[in-house]
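Enquirer: fold the following and give me the result.
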Amino acid sequence: MKISYRSRKMQKILEDEKKLVNKYGYKQAIKITQRINELEAAMTLNDIQNIKAAGLHCLSGKYKNSYAIKVINPYRIRFTADNGMKEDMNSITEITVIEIIDYH
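Expert: Predicted coordinates:
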């Protein structure tokens, strides 16, 4: 999938291992990198849905129209679909990473 980032700052953190470790810690950085790599390798969002450990789910409430995947509890990578239809994950091939958050 094609991945964009909400901000240049988010992109720099997620693409620089040292910055990622400084911000989230070593274990969290490893898992974040793994999930971003899975998103990049996927052809569609449906491919991520097939990775049970990723725990892909649609969000509601104030995060309506967003998706999330698990990192290390309670953190999630929150993102939005840039194309396709929400009901058809096979049609989603572009996303924007919004944030890494504990929204629980």
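Enquirer: what ranges do the strands span in the protein?
Expert: Ranges of strands in the chain, per DSSP state E, are 2-5, 57-58, 67-70, 76-81, 94-101.
Enquirer: ok, and what's touching the third one?
Expert: With contact meaning CB atoms under 8 Å, 6 or more residues apart in numbering, strand 67-70 is reached by 35, 39, 45, 48, 53-59, 76-81, 95, 103. Backbone N, C-alpha and C define where each C-beta goes, glycine included.
Enquirer: from the residues you listed, list just the buried residues.
Expert: The neighbour count (16 or more other CB atoms under 10 Å) marks 35, 39, 45, 48, 54, 56, 59, 76-81, 95 as buried among the contacts of strand 67-70.
Enquirer: longest single helix anywhere in this structure?
Expert: helix 26-41 (DSSP state H).
Enquirer: what angle sits between that helix and strand 94-101?
Expert: Interaxial angle of helix 26-41 relative to strand 94-101 (axes from the mean of the first three to the mean of the last three CA atoms, to 10 degrees): 170 degrees.
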